[in-house]
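Undergrad: fold the following for me, if possible:
(one chain, ligands or ions: 1)
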Amino acid sequence: MSERLLVLVRHGQSEWNLKNLFTGWKDPDLTELGVKEATEAGRKLKAQGLVFDVAYTSVLTRAQHTLDLILGELDQKGLPTSKDLALNERDYGDLSGLNKDDARKKWGEDQVLIWRRSYDVPPPGGESLKDTLARALPYYVQEILPGVLNGKRTLVAAHGNSLRALIMVLEKLSPEGILKRELATGVPIIYRLNADSTVASKLDLAG
Ligand SMILES: O=C(O)[C@H](O)COP(=O)(O)O
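TA: You can find the predicted model right below:
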């Protein structure tokens, strides 16, 4: 029986994570720490004995660089990889490039938390998590999931909010449940799926 393996990993720390800036579709690369985190993610996956058949990532540098570093650790450079903006970070609209603490001072803690973590309130000019889900989920269902169900061991390197959108579906989380869900940079989550695409097991490689 095939193992229906799906691994999700958020990119390592980016230059704008370090500067505490809203990033969204802006395209900073990884920091030195981000490179270490991505390399460590690859080591952890290798230690689990995992091998992949296919990978998916966004069109943004920080996710692609993370994937390259992971594949390097796994001795799997050259793995067939699809890059699609469906997996991009949520578009932060007018907040992109602003400092998150400055935004809290300007609009208040509560409003900024609503923009960052609520399900359906978009930041000005940007995407809500619901909007992000509306483009990430069809891609998952049409492009990623059929392969997983057919036994293609699949690695997805993407972003905090595009992955939160997929996790909401995989883990059947409510809009309230997803509000509290944070994804650390460079921490792989290993899912094994049932034939009906529900989650059979989950292992978070934090720590
Ligand atoms: O795009 C960004 O700014 C971050 O990578 C994710 O932001 P968040 O933690 O505000 O969701």
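Undergrad: please confirm that residue 35 is located within a strand.
TA: No. Counting by DSSP: H, G, I helix; E, B strand; the rest coil, residue 35 falls outside a strand, being helix.
Undergrad: OK, contacts around it?
TA: Taking Cβ atoms under 8 Å, 6 or more residues apart in numbering as the criterion, residue 35 is in contact with 12, 65, 69. (Glycine included, C-beta is placed from N, CA and C.)
Undergrad: give the next helix or strand downstream of the helix or strand of the chain with the lowest mean pLDDT.
TA: Using mean pLDDT, DSSP states H and E, helix 175-179 stands out as the lowest-scoring helix or strand of the chain, at a mean of 90. As assigned by DSSP states H and E, the chain's next helix or strand after helix 175-179 is strand 188-193.
Undergrad: which residues does that following strand contact?
TA: Against strand 188-193 from outside (Cβ under 8 Å, 6+ apart): 3-9, 41, 44-45, 48, 50, 148-149, 167, 170, 199-205.
Undergrad: drop anything exposed from those.
TA: Among the contacts of strand 188-193, the ones that count as buried by 16 or more other Cβ atoms under 10 Å are 4-9, 41, 44-45, 50, 148-149, 167, 170, 205.
Undergrad: can you pull the pLDDT of the residue of the chain found nearest the ligand?
TA: Residue nearest to the ligand within the chain: residue 23 (3.5 Å; Cβ to the nearest ligand atom). As summarised for this prediction, residue 23 has a pLDDT of 98.
Undergrad: do you know how far it is from residue 116?
TA: 12 Å (Cβ to Cβ, to the nearest Å).
Undergrad: ok, those two, which is more surrounded?
TA: residue 23 (22 against 19; other Cβ atoms under 10 Å).
Undergrad: SS state for that one?
TA: Applying three-state DSSP: residue 23 is coil.
Undergrad: the chain: strands as residue ranges?
TA: Secondary structure of the chain by DSSP state E: the strands cover 5-10, 54-57, 81-83, 154-158, 188-193, 199-204.
Undergrad: output those strands as CSV; include the columns mean pLDDT and distance to residue 136.
TA: Below are the strands of the chain laid out as CSV (pLDDT from 0 to 100; distance: least, Cβ to Cβ, whole Å):
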stretch, mean pLDDT, distance to residue 136
strand 5-10, 98, 11
strand 54-57, 98, 11
strand 81-83, 98, 13
strand 154-158, 98, 8
strand 188-193, 98, 15
strand 199-204, 97, 17
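Undergrad: for residue 107, which of those is the nearest?
TA: Smallest distance to residue 107 across those (Cβ to Cβ): 25.3 Å, for strand 5-10.
Undergrad: quick check: residues of the protein near the ligand?
TA: For the chain, the residues in contact with the ligand (Cβ under 6 Å from any ligand atom) are 17, 22, 23, 24, 89, 92, 116, 160, 161.
Undergrad: sorry, back to before: out of the contacts of residue 35, who's the most crowded?
TA: Taking other Cβ under 10 Å as the neighbour criterion, residue 12 ranks highest of the contacts of residue 35 with 29 neighbours.
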